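1. Quick check, what structure comes out for this input:
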Amino acid sequence: MLAYDLARPQGAKDGATVAVLLHGRGSHRGDLQALRPQLPGDWVLVTPQAPFPGHRWGYGPGWAWYRYLSEDRIEDAGLERSLSALGRVLEQLPSTVGVRPGRIVLGGFSQGGTMSLAYALTRPGSVAAVLNFSGLLVDSPLVPLRAPGASTTPIFWAHGTRDPTVPHHLATKGRARLAEAGIPVTGRDYDIGHWMDPQEVADAVAFLDAAE
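-> Predicted coordinates for the structure are as follows:
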C-alpha cells in the first residue's frame, strides 16, 4: 500500500469525517499535513504518498501521481496505476484510522486535485465529496464523464487566476466539461498563483458543511 501520514484527533469515534488529501507533483506525504490546523478538529486526516519517484520525469526529489504531457493530457499508464493504488488506500481506511469512517472527503493540490477528480469520476459513489485545489480534469478515455452515478458527488474546484503551472483556462475548460455532462461543480477563483491559500481551505470546509 502507499505510504501515508495520519493525524487522528484524540477520542476519534466511529462515523468521523475522514479527509484523504493528496500532495502535488514533486512533493511528499507530509506536505498537506500542514492543513491540519485549518480543518475541523474532529476530522481525521490521511495524506498518502504518490507511487512514482518524481526525478524519473524531472519533477525533483519528491513524488508524483503521473507523468504530465501537455494541457489536460497525461500519461494514462501512470494514472491507471495511481488510481488503483489510491483505491487500496481508501478500502483500508477503517484499519488505517482505527475507527469506522463516516463521510470520506477526497481532495488534493495540483496533481493531487487531478487525481481526486479522476478517482471520483471513475468510481462514482466511492467518496462523499471532492476538493480540487489547482488540479485539472484529465482528457482521457480512462476518465469518462457519463458514468452512472458520476453526477452525485459534490465537487469543489478552487483555482488561482494567476496560476502559471496549471493555467486558469484549464479550470474554465474542466468546469465547463463537468457542467456539460450534468455533473455539478462549485468553482471558486482566487487572485493567487500555483499554491494554496487559507481562504481556499476555509471556503472548501464551508462548502462541505453546506453539502451535509
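2. C-alpha from now on. contacts and neighbour counts both.
-> OK.
3. Residue 164 falls within a helix, correct?
-> No - assessed by DSSP: H, G, I helix; E, B strand; the rest coil, residue 164 does not belong to a helix; its assignment is coil.
4. phi, psi of it?
-> Backbone dihedrals for residue 164, given as degrees, to the nearest 10, come out at phi -90, psi -10.
5. Would you indicate which residues of stretch 171-184 are buried?
-> Using 16 or more other Cα atoms under 10 Å as the burial criterion, the residues of stretch 171-184 that qualify are 171, 174-175, 178, 183-184.
6. Alpha carbons only: can I get stretch 160-170 in CSV?
-> Below are the C-alpha coordinates for stretch 160-170, written out as CSV (Å, rounded to 0.1, in the frame of the first residue of the first chain):
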residue,chain,number,x,y,z
GLY,A,160,-5.7,30.7,-8.9
THR,A,161,-6.3,33.2,-11.7
ARG,A,162,-2.5,33.8,-11.9
ASP,A,163,-1.5,30.1,-11.9
PRO,A,164,1.4,29.5,-14.3
THR,A,165,1.6,25.8,-13.8
VAL,A,166,-2.0,24.7,-14.2
PRO,A,167,-3.3,27.8,-16.1
HIS,A,168,-6.7,29.1,-15.2
HIS,A,169,-8.1,28.4,-18.6
LEU,A,170,-7.8,24.7,-17.8
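7. How about residues contacting that stretch?
-> Counting by Cα atoms under 8 Å, 6 or more residues apart in numbering, stretch 160-170 makes contact with 71-72, 110, 134-137, 159, 189-195, all of which sit outside it.
8. Among the residues you listed, name the buried ones.
-> Here, 16+ other Cα under 10 Å leaves 72, 110, 134-137, 159, 193-194 buried among the contacts of stretch 160-170.
9. so residue 93 touches residue 102, yeah?
-> No - with contact taken as Cα atoms under 8 Å, residue 93 and residue 102 are classed as non-touching, separated by 10.6 Å.
10. returning to what we had before: name the nearest of the buried residues of stretch 171-184 relative to residue 126.
-> For the buried residues of stretch 171-184, the minimum distance to residue 126 (Cα to Cα) is 15.4 Å, reached by residue 183.
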